[in-house]
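Engineer: Compute the structure for the input listed below.
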Amino acid sequence: MISATGSASMVRTGESSASLQLTPVDLGPLEVNVAVRDNQATVHFGAANAETRALLEASMPRLREMLAPQGFSANG
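Structural biologist: Okay, here's the model as predicted:
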């Protein structure tokens, strides 16, 4: 089971942002923040649990691989 809450905002500077907070039973609290400015998106994944952080980090190469054919690049 996953519990989720979220919010989104648009500010005058032309930046849009969204925040999603998830609480999967097996992974602990997760937070995803997305900010878009000047056609560039920044996404931050955060996890309270060290094992979950390690899983997210280990998944980054696959995420980059999946985004590349769509014209996206993932750094970090």
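
Engineer: For Q40, see how far away G14 is.
Structural biologist: Relative to Q40, G14 is positioned 11 Å away (Cβ to Cβ, to the nearest Å). (C-beta placed from N, C-alpha, C; glycine too.)

Engineer: and L20, how far is that from F45?
Structural biologist: 10 Å.

Engineer: Which stretches in this structure count as helices?
Structural biologist: With DSSP state H as the criterion, the chain has helices at 50-67.

Engineer: what pairs with A41 across the strands?
Structural biologist: A41 has these beta-bridge partners by DSSP bridges: V36.

Engineer: What is the neighbour count of it?
Structural biologist: The number of residues packed near A41 is 10, by other Cβ atoms under 10 Å.

Engineer: Likewise for the one 3 residues further on?
Structural biologist: Applying other Cβ under 10 Å, we find 11 other residues in the vicinity of H44.

Engineer: and if you look at the one 5 residues further on?
Structural biologist: If you count neighbours by other Cβ under 10 Å, N49 ends up with 14.

Engineer: can you tell me which residues contact G14?
Structural biologist: 37-38 (Cβ atoms under 8 Å, 6 or more residues apart in numbering).

Engineer: I'd like the distance between the nearest residue to N49 once chain neighbours are set aside and E57.
Structural biologist: Once flanking residues are discounted, N49 sits nearest to G28: 3.7 Å by Cβ to Cβ, 6 or more residues apart in numbering. Taking Cβ to Cβ as the measure, G28 falls 15 Å from E57.
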